[in-house]
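Trainee: give me a 3D structure for the following:
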Amino acid sequence: MSRTENTKRSVHIITSGSSDANVRVPYVDPQIHTADIAQFAQCRFEEKVERLAKRSGFQPGMIRDLYKHTSTFKQTETIAKAMRIATVKCVYVKDAMATELLNDALYIR
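Mentor: Sure, this is the predicted structure:
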């Protein structure tokens, strides 16, 4: 079986009380020791956290804390995006209010 075929191979898992779930079997390089897989997975997670932090404008620690309260990283990304949009809107509104107050102050004098 080629590497590509191995990557695309699926396994059917029968779960109790539900229909078959189609689960993708990842290719694991035989040169990677089993004991190192968790460490490499953690490194990949940290890369994803760093990228999301840069995209959203939040600190990596904030992204990690958000992830602790979600079910998936995809959900974390969705919430971080919503937080970013809300933050930008808040800044825009505060800026508009400050400009209006400044303009009012200048016209009063």
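Trainee: alpha carbons only for contacts and neighbour counts from here, please
Mentor: OK.
Trainee: chain center to the helix or strand hosting Ala96, what's the gap?
Mentor: With secondary structure defined by DSSP states H and E, Ala96 is part of helix 73-108. Relative to the centre of its chain, helix 73-108 is centred 23 Å away, using Cα atoms, centre = their mean, to the nearest Å.
Trainee: wait, Ala80 touches Ser56, no?
Mentor: Yes: in terms of Cα atoms under 8 Å, Ala80 counts as a neighbour of Ser56; the distance is 6.4 Å.
Trainee: so who does Leu52 touch?
Mentor: Pro60, Ile63, Glu77 (Cα atoms under 8 Å, 6 or more residues apart in numbering).
Trainee: leaving out sequence neighbours, find the closest residue to the residue most central in space within the chain.
Mentor: Central residue of the chain (Cα atoms, centre = their mean): Glu77, 3.4 Å from the mean position. Among residues not flanking Glu77 along the chain, Leu52 sits closest, at 7.0 Å (Cα to Cα, 6 or more residues apart in numbering).
Trainee: assign Gln31 to helix, strand or coil.
Mentor: Three-state assignment for Gln31 (DSSP: H, G, I helix; E, B strand; the rest coil): coil.
Trainee: burial count for it?
Mentor: If you count neighbours by other Cα atoms under 10 Å, Gln31 ends up with 6.
Trainee: ok, it to Thr72 distance?
Mentor: Per Cα to Cα, to the nearest Å, Gln31 is found 29 Å from Thr72.
Trainee: related to what we said a few turns ago, for Ala80 and Ser56, indicate the residue with more neighbours.
Mentor: Set side by side, Ala80 and Ser56 show more neighbours around Ala80, with 22 against 18, by other Cα under 10 Å.
Trainee: for the helix or strand where Met62 lies, list every residue counted as buried.
Mentor: For Met62, the host element (DSSP H and E) is helix 60-68. Along helix 60-68, these residues count as buried under the neighbour rule (16 or more other Cα atoms under 10 Å): Pro60, Ile63, Arg64, Leu66, Tyr67.
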